[in-house]
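S.K.: Dropping the sequence and predicted coords here.
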Amino acid sequence: MNSRQERVERRLAAILAGDVAGYSRLMEADEEGTLAALRAIRRELGDPKIAEHRGRIVKTTGDGMLVEFASVVDAVRYAVELQRAMAERNTDIPPAERIEFRIGIHQGDVIVEDGDIFGDGVNLAARLEGLADPGGICVSGRVHADVAGKLDVGFEDVGAQQVKNISRPVRVFRAQVGVPRADAETAPLLPLPDKPSLAVLPFQNMTGDAEQDYFVDGMVEEITTAISRLPWLFVIARNSSFAYKGKAVDVKQVARELGVRYVLEGSVRKSGNRVRITGQLIDAATGNHIWADRFDGALDDIFDLQDSVAANVVGAIEPRLRLSEIERASRKATENLGAYDLYLRALAQSYRNTEEGLADAIVLLRQALAIDPSYAIVLLRQALAIDPSYAPVKALVAWCRWLQRVQGWGALSDEDIAAAVRLARQALEAGRDDPDTMWQAAFALLVLAGEPAMVEAILDRALTLNPNAAMAWQAKGWVHALRNRPEAAIEAFDRALRLSPFDPLAYYALAGLATAHLVARRFDRAVEWANRALHDQSRATTAIRMKIVANAHLGRLDEGRADLRRLLAIDPGLTIARYRAPFSLHRRYLRSLT
């Protein structure tokens, strides 16, 4: 070994590379002003923050800087705080005159010589900086793995990128700088339920094939359905979780918005006919990863693969959730224990005999029992022409007829209604263990057949099978309202809205609340809830009808006439006789509306 080699010093470092976006343009427009502004930023903001986060400025150029940190967490924290401060500083500056930094961060081995640093780690940080947007931060996969859950910032996985002079593809994550933590914590919070709560976010489609979206989304639906069957869990409905599809999300913020403690997220990759599905369960309160795993399979039968993944995910995360909840309860002060916490502590004690063996047994048992093996694998994409006996399709047809009926979307003949009722009954017979089939068929039978007692029994069974079925709670609310039980109806509608706060069909529950308050003769409240429903869906004819009746009771005849004109514009064929016909068993309810 020669003397030159002996003097080489290496160390592991977090390397931050930054430059000014559009520097040449800024200099051309105002050379002196740009240089003065840059000096002020470095003096007032950049240098003090680097020192605060224990960084070392390796070198600066006219528009760039290279900074070394001993801790990757410090490096990312510095970058986030700098970008947030710059965004605030630029608020009142015209876009063409703003100074915006692009930042790249990598962690790797570097060579140190005369205060400078060299090597692939430095080159990679510079390439990441080139991928960042103005005001943005890009980090390598290694950085993301080390900071995940330690900072209040989300990351968007932009996949493997081929960059200049680096032979291997680099996994890149884009930091979601967002708003400062203090501002985020002022947002209204939904209270956590009195049992473990979870949201399954849309999985990322990393296959490179947009046509595989249906497979990825279908798999998430299967997982959500399977998890929802666990009665001890509060699970956010699929429609609300899918409000985040295609968006870069901060898990902690999503948890605050949905009012849950746990978030399940994942991705799907494809190579030829093989797919790899990864999932991770996160405790949003701490940012800790409770569970992570991957599943490999072939696309020969994608529905079998969806079902298999759903079963394995549920079987794997259920005991992890139990253990996480036990750990949470064990940290609480004795005087703050509730009934559920006491149950969790007792459960932990029961594990003490043969904890490992029992935990393994629970995983296997939950996999076997949590997923109903008779549950249909094929989704609603199949038509009745392909599978005439498929219960969910029959229920969906009946549901669509119900929707046509209540919204006045096209005239239904007696034959149409009779066929829908027949299909709903067949669906219930074939899908007696499928809560989604049950609530869809129940809605149809309630309105098209006027069988509230039977429908109520169906919904009770559906909610026993899946206490988190938001639409089943909606249907239960309508049964209570139509049977003159307004308070029970309000409780059911509130439960539905809490389970699925972002549901596109939430306006049905809002219209149901208007109906319940109308039945209770709280006419002002009925108008209020009807207006909320119409804000979400302007063509919600049920809400308009409730508003007309409530305004008539309040003596607001002009408002009632205006809403009647609005209703008839949507449903020109509406008559009192046509509306009353399916509700022949609800005379008491109908008398309150006339």
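M.R.: On my side now, so go ahead.

S.K.: For the residue nearest to residue 559 when sequence neighbours are not counted, grab phi and psi.
M.R.: Sequence neighbours aside, residue 551 is the residue nearest to residue 559 in space, at 4.6 Å (criterion: Cβ to Cβ, 6 or more residues apart in numbering). In this view, the C-beta of every residue, glycine as well, is placed from N, C-alpha and C. Taking degrees, to the nearest 10, you get phi -70, psi -30 for the backbone angles of residue 551.

S.K.: Model confidence at residue 551, what's the number?
M.R.: pLDDT, residue 551: 94.

S.K.: what separates it from residue 537, distance-wise?
M.R.: When distance is defined by Cβ to Cβ, to the nearest Å, residue 551 is 19 Å away from residue 537.

S.K.: do residue 266 as well
M.R.: Residue 266 sits 32 Å away from residue 537, going by Cβ to Cβ.

S.K.: And for residue 521?
M.R.: For residue 521, the distance to residue 537 equals 25 Å [Cβ to Cβ].

S.K.: do residue 32 as well
M.R.: 57 Å.

S.K.: Comparing the two, which residue is more hemmed in?
M.R.: Using other Cβ atoms under 10 Å as the criterion, residue 32 and residue 537 rank with residue 537 on top: 18 against 8.

S.K.: so what's residue 490 up against?
M.R.: Taking Cβ atoms under 8 Å, 6 or more residues apart in numbering, we find residue 490 in contact with 477, 513, 516-517.

S.K.: nope, residue 278 is what I meant
M.R.: Listed by Cβ under 8 Å, 6+ apart, the contact set of residue 278 reads 266-269, 292-295.

S.K.: ok so, going back, was I right about the residue nearest to residue 559 contacting residue 526?
M.R.: No: using Cβ atoms under 8 Å, residue 551 is not in contact with residue 526; the gap is 9.0 Å.

S.K.: So the two - more neighbours on which side?
M.R.: Neighbour count, other Cβ under 10 Å: between residue 551 and residue 526, residue 526 has more, with 26 against 23.

S.K.: list the buried ones in whichever strand or helix holds that one?
M.R.: Secondary-structure element containing residue 526, defined by DSSP states H and E: helix 523-536. Neighbour-count burial for helix 523-536 flags 523, 525-530, 532-534, 536 (criterion: 16 or more other Cβ atoms under 10 Å).

S.K.: How about stretch 487-499?
M.R.: Quick answer for stretch 487-499 (16+ other Cβ under 10 Å): 488-493, 495-499.

S.K.: For the chain, name the helix or strand with the lowest mean pLDDT.
M.R.: In the chain, no helix or strand scores lower on mean pLDDT, DSSP states H and E than helix 355-370, which sits at a mean of 29.

S.K.: Pull the number of nearby residues for residue 40.
M.R.: Neighbourhood size, residue 40 [other Cβ under 10 Å]: 13.

S.K.: What distance do you get for it to residue 122?
M.R.: Going from residue 40 to residue 122 by Cβ to Cβ gives 27 Å.

S.K.: likewise residue 80?
M.R.: The value you get for residue 80 to residue 122, if Cβ to Cβ is used, is 21 Å.

S.K.: show me what contacts the residue sitting nearest the centre point of the chain?
M.R.: For the chain, the residue whose C-alpha lies nearest the mean C-alpha position (Cα atoms, centre = their mean) is residue 241; its distance is 3.0 Å. Contacts for residue 241 (Cβ under 8 Å, 6+ apart) come out as 199-202, 220, 224, 258.

S.K.: That one belongs to a strand, doesn't it?
M.R.: No: looking at residue 241 with DSSP: H, G, I helix; E, B strand; the rest coil, it is helix, so not inside a strand.

S.K.: tell me the secondary structure for residue 277?
M.R.: strand.

S.K.: Just the pLDDT at it, thanks.
M.R.: In this model, residue 277 carries a pLDDT of 86.

S.K.: For burial, what's the neighbour tally of it?
M.R.: By other Cβ under 10 Å, the residues close to residue 277 number 23.

S.K.: Okay, now the unreliable bits of the stretch 151-300 of the chain?
M.R.: The stretch 151-300 of the chain contains residues with pLDDT under 70 at 165, 178-190, 194, 231.

S.K.: tell me the least confident of the buried residues of stretch 487-499?
M.R.: In terms of pLDDT, the lowest of the buried residues of stretch 487-499 is residue 499, showing 76.

S.K.: and that one, what does it touch?
M.R.: So residue 499 contacts 234-237, 468-470, 473 (Cβ under 8 Å, 6+ apart).

S.K.: Let's see that with 6 Å instead.
M.R.: Shown in contact with residue 499 (Cβ atoms under 6 Å, 6 or more residues apart in numbering): 237, 468, 470.

S.K.: could you check the distance from residue 114 over to residue 64?
M.R.: To residue 64, residue 114 is 19 Å away according to Cβ to Cβ.

S.K.: Neighbour count: those two, which is higher?
M.R.: Using other Cβ under 10 Å, the more surrounded residue of residue 114 and residue 64 is residue 64, with 16 against 4.

S.K.: Show me what the more buried one bridges to in the sheet.
M.R.: residue 19 (DSSP bridges).

S.K.: what about residue 274, how many neighbours?
M.R.: Residue 274 has 11 neighbouring residues, counting by other Cβ under 10 Å.

S.K.: nearest spatial neighbour of it, skipping sequence neighbours?
M.R.: Going by Cβ to Cβ, 6+ apart, residue 274 has residue 298 as its nearest residue, at 6.0 Å.

S.K.: shouldn't that neighbour be in contact with residue 271?
M.R.: No: Residue 298 lies out of contact with residue 271 (Cβ atoms under 6 Å); the separation is 10.9 Å.

S.K.: Assign a three-state SS to residue 555, would you?
M.R.: Quick answer, by three-state DSSP: residue 555 is coil.

S.K.: Just the pLDDT at it, thanks.
M.R.: For residue 555, pLDDT reads 94.

S.K.: Over to the one 3 residues further on?
M.R.: If you check residue 558, the pLDDT there is 93.

S.K.: Near it, how many residues? Count them for me, please.
M.R.: Using other Cβ under 10 Å, residue 558 has 9 neighbouring residues.

S.K.: Now do the residue lying closest to residue 417 once chain neighbours are set aside against residue 549, distance only.
M.R.: Nearest residue to residue 417, sequence neighbours excluded (Cβ to Cβ, 6+ apart): residue 448, at 5.2 Å. Separation of residue 448 from residue 549 (Cβ to Cβ): 22 Å.

S.K.: average model confidence for the strand or helix carrying residue 323?
M.R.: Per DSSP H and E: residue 323 is located in helix 302-331. Helix 302-331 comes out with an average pLDDT of 70.

S.K.: Which strands and helices lie in contact with the helix or strand hosting residue 28?
M.R.: Residue 28 belongs to helix 23-29 when elements are defined using DSSP H and E. If you count contacts as 3 or more Cβ pairs under 6 Å, 6 or more residues apart in numbering; DSSP states H and E, helix 23-29 packs onto no helix or strand.

S.K.: do that again at 10 Å, thanks
M.R.: Applying 3 or more Cβ pairs under 10 Å, 6 or more residues apart in numbering; DSSP states H and E, we find helix 23-29 packed against helix 31-41.

S.K.: With only the CA atoms kept, save the next helix or strand after the helix it packs on in PDB.
M.R.: Counting by DSSP H and E, the next helix or strand C-terminal to helix 31-41 is helix 47-52. C-alpha atoms of helix 47-52 as PDB (Å, rounded to 0.1, in the frame of the first residue of the first chain):
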ATOM      1  CA  ASP A  47     -26.100  29.000   7.800                       C
ATOM      2  CA  PRO A  48     -27.800  29.300  11.200                       C
ATOM      3  CA  LYS A  49     -30.000  26.300  10.500                       C
ATOM      4  CA  ILE A  50     -27.100  24.200   9.300                       C
ATOM      5  CA  ALA A  51     -25.300  24.900  12.600                       C
ATOM      6  CA  GLU A  52     -28.500  24.300  14.500                       C
END
